[in-house]
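Peer 1: mind looking at a prediction? Sequence and model below.
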Amino acid sequence: MNKKDINLILPAVTIVLAIGAYFLCSNYLMPTIGENLAKVSAYNQDISAAEEKISSISTTEKIISQMSDTVNNLLIAIPDSVDAPNVIAEVETVANKNQVALSSMTPPAVSAGNASNSGMAVNVSVSGTYTNVKSFINSLETSIRFSKISNISISSSDEGISAAINFNVYSRPAS
Amino acid sequence: MFDENPQTAHSEEPFLEINTHEDEGGPSTLIFIFSIIIIIIVSGFFVYYKYRTQSQALDRQQALESTLNQLNSNNNEAVEETARNINQATTILSTAARSKFLFDAFITDLAHKITNDSKLNSLAISETGDLTIDGVGGSYRSVADLAISLQSSPKLDNIQIAGLSESTDGGTSQVTFSMTGKIKDWKSSGGGE
């Protein structure tokens, strides 16, 4: 190969290499690099979000453990479901504790999916002395299971006081 | 003499040409070789960077999977479930408690407003906070006093005497009355509001 040939081949090789390198970079390497960088960025964002959530969960766990009594009471006040037998048993316990006679009771109509935010109605009729009936009302209002009296009717007779009380009990929506 | 000079000059000309070409070809060859090296280095850098970013992406993907495994652990799911339950219970409580009326405290207050010669036979409070009282008083005056006493209560409003009738029981005169009123701080107890 003489010098004239070299003078012809070198520019040709340079041009071919330059064109090849250009197409390799622009059509394959740079798009792939771009995709990889985008992936790295997206993964980093997801990792940050996940780590933030883990940190938040960790903080929540600490708070829940510090307030475990309050949390337990809260979850008892608004249980995950209301079942009629439990409500009947609880009302009877409150009636016995306050020494009033439980004349009648309409337990909550529990349906699938349980209560809405407006609660489930319970109707009870009790009779006893004025003090005991009033104490029964107080116990219902301050019971650990949250209940809200919606209306009340009290009448007195020679035998004592009788009261018809309508109240609502609540449960958390099914998740 | 004249003939020899042109021959001598002709034989020396190629030598001069070759020298001229060598001087011009050297730098251009170097430039091309240098360009080829640059092209290879640049291309090589892109290839290296491509594999480097690919490796980084793989590392990040594995790190994300590890973090997600940690996030979705049973303990974390239990904490999330508890937090969800607390939120639901708090929402229901805050809504329902806002419209909760304390009947026991109200009855206690009402009892303090009953005048000595009056007696309540029945008391009803509706879902809308309407109060209905039926009872017996010693006289019309005592019923009027009871109405004034109830009206003075900060918890009651619009006390109205709905009916009055006098009767005699065993020689003793008594007035049967019926009153209505409205509880002032009654909040709408629809529950869902």
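Peer 2: Perfect, thanks for sending it.
Peer 1: domains in chain A, as residue ranges please.
Peer 2: A:1-66, A:79-169 (automatic domain parsing).
Peer 1: please work out how many residues are found near residue 29.
Peer 2: Because you didn't say which chain, this covers chain A. Neighbour count for residue A:29, taken as other CB atoms under 10 Å in any protein chain shown: 20. In short, each C-beta sits where N, CA and C put it, glycine included.
Peer 1: not quite, go with chain B.
Peer 2: Based on other CB under 10 Å, the number of other residues close to residue B:29 is 14.
Peer 1: ranges for the helices of chain B?
Peer 2: Per DSSP state H, chain B carries helices over the ranges B:4-71, B:74-98, B:103-113, B:140-151.
Peer 1: can you pull out the strands in chain A?
Peer 2: Using DSSP state E, the strands of chain A run over residues A:101-106, A:120-128, A:147-157, A:160-169.
Peer 1: in a markdown table: the ones you listed, plus mean pLDDT, mean neighbour count and distance to chain B.
Peer 2: Formatted as a markdown table, the strands of chain A follow (pLDDT from 0 to 100; neighbours: other CB atoms under 10 Å in any protein chain shown; distance: least, CB to the nearest CB, whole Å):
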| stretch | mean pLDDT | mean neighbour count | distance to chain B |
| --- | --- | --- | --- |
| strand A:101-106 | 92 | 14 | 16 |
| strand A:120-128 | 93 | 20 | 10 |
| strand A:147-157 | 92 | 19 | 4 |
| strand A:160-169 | 93 | 20 | 6 |
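Peer 1: can I get those strands in JSON lines including distance to residue B:59?
Peer 2: As requested, those are arranged in JSON lines below (distance: least, CB to CB, whole Å):
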{"stretch": "strand A:101-106", "distance to residue B:59": "65"}
{"stretch": "strand A:120-128", "distance to residue B:59": "54"}
{"stretch": "strand A:147-157", "distance to residue B:59": "56"}
{"stretch": "strand A:160-169", "distance to residue B:59": "54"}
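Peer 1: these: which one's closest to residue B:171?
Peer 2: Of all these, strand A:147-157 sits nearest to residue B:171, with 22.8 Å by CB to CB.
Peer 1: tell me the angle that closest one makes with strand A:160-169.
Peer 2: Angle of strand A:147-157 versus strand A:160-169, following axes from the mean of the first three to the mean of the last three CA atoms, to 10 degrees, is 160 degrees.
Peer 1: tell me the predicted confidence for the spatially most central residue of chain B.
Peer 2: By CA atoms, centre = their mean, chain B has its centre lying nearest to residue B:87, at 10.6 Å. The score at residue B:87 is 92. That number is its pLDDT.
Peer 1: now do it against residue A:11, distance only.
Peer 2: When CB to CB, to the nearest Å is applied, the distance between residue B:87 and residue A:11 equals 74 Å.
Peer 1: that older thread, how much space separates the residue nearest to the centre of chain B from residue A:59?
Peer 2: For residue B:87 relative to residue A:59 (CB to CB), the value is 15 Å.
Peer 1: dump the residue contacts of residue 92.
Peer 2: No chain was given, so I picked chain A. residue A:102 (CB atoms under 8 Å, 6 or more residues apart in numbering or on different chains).
Peer 1: actually chain B
Peer 2: A:78, A:117, A:146, A:170, A:172.
Peer 1: for chain A, longest helix please?
Peer 2: Per DSSP H, chain A has its longest helix at helix A:30-66.
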